[in-house]
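Enquirer: Here is my input; please provide its structure:
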Amino acid sequence: MIENKIKKLLKDKIEDSKVFIQDMTGNDNHFNLIIISSKFEGLALIEQHKVVYKALDKMITTDIHALQLKTMTWRQWKKEN
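Expert: Okay, here's the model as predicted:
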């Protein structure tokens, strides 16, 4: 299942991360991702998203057609939840 592949890849490449993933269409190519990591501390939102895109590498152009991202630090996650 591609969701498991994405989740594993992100957890392996982004330290201290928790990944929530949802297939938005049921076609295994449109995903909603929430990624929480201390690696995002001090980074602008665009820089956080670049970290995610770099971790996903070629999957962005081969397996994933659409990606909705929400990145957060652990501090932000604890404040909101």
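Enquirer: Any idea what Thr71 is bridged to?
Expert: Beta-bridge partners of Thr71, counted by DSSP bridges, are Ile35.
Enquirer: Tell me who's in contact with it.
Expert: Counting by Cβ atoms under 8 Å, 6 or more residues apart in numbering, Thr71 makes contact with 34-37, 40, 45, 48-49, 51-52. Yep, even glycine has a C-beta here, placed from its N, CA and C like the rest.
Enquirer: distance of it from Lys7?
Expert: With distances taken as Cβ to Cβ, to the nearest Å, Thr71 is found 15 Å from Lys7.
Enquirer: my read: Ile14 touches Lys50, true?
Expert: No: here Ile14 does not reach Lys50: they are 11.6 Å apart, not a contact under Cβ atoms under 8 Å.
Enquirer: who has more neighbours, those two?
Expert: Using other Cβ atoms under 10 Å, the more surrounded residue of Ile14 and Lys50 is Ile14, with 22 against 12.
Enquirer: For that one, give me its contacts.
Expert: Contacts of Ile14 by Cβ under 8 Å, 6+ apart are 35, 37, 39, 51-52, 55.
Enquirer: Mind putting the residues you listed into TSV with pLDDT, neighbour count and secondary structure?
Expert: Conversion of the contacts of Ile14 to TSV gives the following (pLDDT from 0 to 100; neighbours: other Cβ atoms under 10 Å; DSSP: H, G, I helix; E, B strand; the rest coil):
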residue	pLDDT	neighbour count	secondary structure
Ile35	98	24	strand
Ser37	98	23	strand
Lys39	97	18	helix
Val51	97	19	helix
Val52	97	21	helix
Ala55	96	19	helix
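Enquirer: from what I can see Gln22 touches Phe31, true?
Expert: Yes: if you go by Cβ under 8 Å, Gln22 and Phe31 touch, sitting 6.7 Å apart.
Enquirer: And the two? Which one has more around it.
Expert: Taking Gln22 and Phe31 together and counting by other Cβ under 10 Å, Phe31 has the greater number of neighbours (21 against 11).
Enquirer: Against Met24, how distant is the more buried one?
Expert: Applying Cβ to Cβ to Phe31 and Met24 gives a distance of 6 Å.
Enquirer: Just the strands from the protein, written as ranges.
Expert: 17-23, 30-37, 66-72 (DSSP state E).
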